[in-house]
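>>> just coords:
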């Protein structure tokens, strides 16, 4: 790709990573990605975002079609993740007079990334930077998707630079959304990106959308994937729709996720479910070896809490249970309630293991772990029911 | 009782509000928060907070 002009005085100067198939360890990227960087030329020149280490040659060669590297006065850092900040150290070495512009939180992160001195300006919400003919306005937008994030808005041209927000891991033949040969694949990537990166931060998405509601937005220029210059507001609408789900009501919902080799942990699960239902809780009872992970995660997202049912295999919790825990990376579970139960043979470490993990990732443990030796009795069934009832009651307690 | 601010994300712990979602009652001073209490917004530990 060349360095296409986005508008008068604004160019895309980023890098393509066509062959990338896994992003950030766990995200499949069938269509590669781009590291979008933009040059804005007023009387002074600003660069919005760097690129990942290893891709700076593309960035520098694209910039040089427009200006000399040393002419760049400001580097706007909306977000410090290394897929955008990886080349900053080298850029500072080449352009020692460059001034970094970022949020207060970004400053501390950048110091631990670049390990060198640089001039900088910390900007707050609503602050402006005058480039002479081009005015940049900064909008504080934390947790989209790190604590450091902000948006930059180019006032005269009505272009929003939201960094990762509204992005997609998609390297098309063209950079603009109206010139893509496979718009459906690109949209699939746009949703996939939201699901993997922004799903845990729905409340922050809604807050930011409210903040930018009044802005005239002609173009959304994100840090990955297509530049959204046709119908940009529709992409805001998609984020709003996805972030408003699930809607909340007064009903209490609990998901019980379990596995069971011989039906013993399952029997406990059913009686715990009965105890919950007796107190008016809506229960999803899910065998993790039978129900697909998407359904499990969707149910947990819509629940006030989760109860794990785990037997012990060689002193540890079995893989399907730990897979569910791994997939909680997609959600914000802080403040949700949890408890753990399971049948065991002679040692039963798995219940404690899952309880410790749950506590460490932010669940509130409402009841201590419940273990039953091998086959439950009628008495154990009653204990399980009480466990469920007490858990239900704890949901309304402080 | 003083308010304390998370230096990572800016969240302010106000003892007059507590952190009920995470089991901290109204009126709990920052000093009396358990050692393992973390910022409810970003997960930063107590040692990343400063008095304001």
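Noted; the coordinates are in hand. Keep in mind the model is a prediction, meaning the values are calculated, not measured.
>>> Contact partners for the residue most central in space within chain B?
Taking C-alpha atoms, centre = their mean as the criterion, residue B:13 is the residue nearest the geometric centre of chain B, at 4.0 Å. By C-beta atoms under 8 Å, 6 or more residues apart in numbering or on different chains, residue B:13 lies in contact with B:3, B:4, B:5, B:6, B:19, B:30, B:33, B:39, B:49. C-beta: built from backbone N, CA, C; applies to glycine.
>>> Tabulate the residues you listed (JSON lines), appending pLDDT and secondary structure.
Shown next, in JSON lines, are the contacts of residue B:13 (pLDDT from 0 to 100; DSSP: H, G, I helix; E, B strand; the rest coil):
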{"residue": "B:3", "pLDDT": "97", "secondary structure": "coil"}
{"residue": "B:4", "pLDDT": "97", "secondary structure": "strand"}
{"residue": "B:5", "pLDDT": "96", "secondary structure": "strand"}
{"residue": "B:6", "pLDDT": "95", "secondary structure": "strand"}
{"residue": "B:19", "pLDDT": "93", "secondary structure": "strand"}
{"residue": "B:30", "pLDDT": "97", "secondary structure": "helix"}
{"residue": "B:33", "pLDDT": "96", "secondary structure": "coil"}
{"residue": "B:39", "pLDDT": "93", "secondary structure": "coil"}
{"residue": "B:49", "pLDDT": "96", "secondary structure": "strand"}
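>>> Now the buried members of those residues.
Among the contacts of residue B:13, those classed as buried by 16 or more other C-beta atoms under 10 Å in any protein chain shown are B:4, B:5, B:6, B:19, B:30, B:33, B:39, B:49.
>>> Redo those as JSON lines? Include distance to residue A:86.
Below are the buried ones among the contacts of residue B:13 laid out as JSON lines (distance: C-beta to C-beta, whole Å):
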{"residue": "B:4", "distance to residue A:86": "34"}
{"residue": "B:5", "distance to residue A:86": "30"}
{"residue": "B:6", "distance to residue A:86": "27"}
{"residue": "B:19", "distance to residue A:86": "36"}
{"residue": "B:30", "distance to residue A:86": "37"}
{"residue": "B:33", "distance to residue A:86": "37"}
{"residue": "B:39", "distance to residue A:86": "27"}
{"residue": "B:49", "distance to residue A:86": "30"}
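>>> Pretty sure residue A:322 sits in a helix.
Yes. The assignment for residue A:322 by DSSP: H, G, I helix; E, B strand; the rest coil puts it in a helix.
>>> Just give me the neighbour total for it.
17 (other C-beta atoms under 10 Å in any protein chain shown).
>>> and the gap between it and chain B?
Distance, residue A:322 to chain B, using C-beta to the nearest C-beta, to the nearest Å: 21 Å.
>>> what do you get for residue A:139?
In terms of C-beta to the nearest C-beta, residue A:139 sits 15 Å off from chain B.
>>> before we move on, what about residue A:114?
In terms of C-beta to the nearest C-beta, residue A:114 sits 18 Å off from chain B.
>>> OK, contacts around the residue lying closest to that residue once chain neighbours are set aside?
Take residue A:114 and drop its neighbours on the chain: the residue closest to it by C-beta to C-beta, 6 or more residues apart in numbering or on different chains is residue A:89, 4.5 Å away. Neighbouring residues of residue A:89 by C-beta under 8 Å, 6+ apart: A:113, A:114, A:115, A:116.
>>> of all the residues you listed, which comes closest to chain B?
Ranked by distance to chain B (C-beta to the nearest C-beta), the contacts of residue A:89 are led by residue A:113 at 15.0 Å.
>>> buried ones in the helix or strand that closest one falls within?
Residue A:113 is part of helix A:104-114 when elements are defined by DSSP states H and E. By neighbour count on 16+ other C-beta under 10 Å, the buried set for helix A:104-114 is A:104, A:105, A:106, A:107, A:108, A:109, A:110, A:113, A:114.
>>> all helices for the stretch 251-398 of chain A, in order.
A:264-278, A:293-301, A:319-327, A:349-360, A:378-396 (DSSP state H, counting those that start in this stretch).
>>> Save those as a markdown table, and put in mean pLDDT too.
What follows is the helices of the stretch 251-398 of chain A, written out as a markdown table (pLDDT from 0 to 100):
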| stretch | mean pLDDT |
| --- | --- |
| helix A:264-278 | 98 |
| helix A:293-301 | 97 |
| helix A:319-327 | 98 |
| helix A:349-360 | 97 |
| helix A:378-396 | 97 |
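>>> looking at those, which is buried most?
Compared across the helices of the stretch 251-398 of chain A, helix A:264-278 shows the largest average neighbour count, a mean of 21 (mean count of other C-beta atoms under 10 Å in any protein chain shown).
>>> Any idea how far that helix is from the middle of the chain?
On the basis of C-alpha atoms, centre = their mean, to the nearest Å, helix A:264-278 is displaced by 33 Å from the centre of the chain it belongs to.
>>> Which other helices and strands does it contact?
Applying 3 or more C-beta pairs under 8 Å, 6 or more residues apart in numbering or on different chains; DSSP states H and E, one finds that helix A:264-278 contacts strand A:253-258, strand A:282-287, strand A:305-309, strand A:337-344, strand A:370-373, helix A:378-396.
>>> In space, not sequence, find me the middle residue of chain A.
So for chain A, C-alpha atoms, centre = their mean, it's residue A:197, sitting 2.6 Å from the centre.
>>> Now that one: phi and psi?
Main-chain dihedrals, residue A:197, degrees, to the nearest 10: phi -110, psi -40.
>>> I'd say it and residue A:164 touch.
Yes. Using C-beta atoms under 8 Å, residue A:197 is in contact with residue A:164, at 6.4 Å.
>>> Name the residues contacting each of these two.
Shared contacts of residue A:197 and residue A:164, defined by C-beta under 8 Å, 6+ apart, comprise residue A:145.
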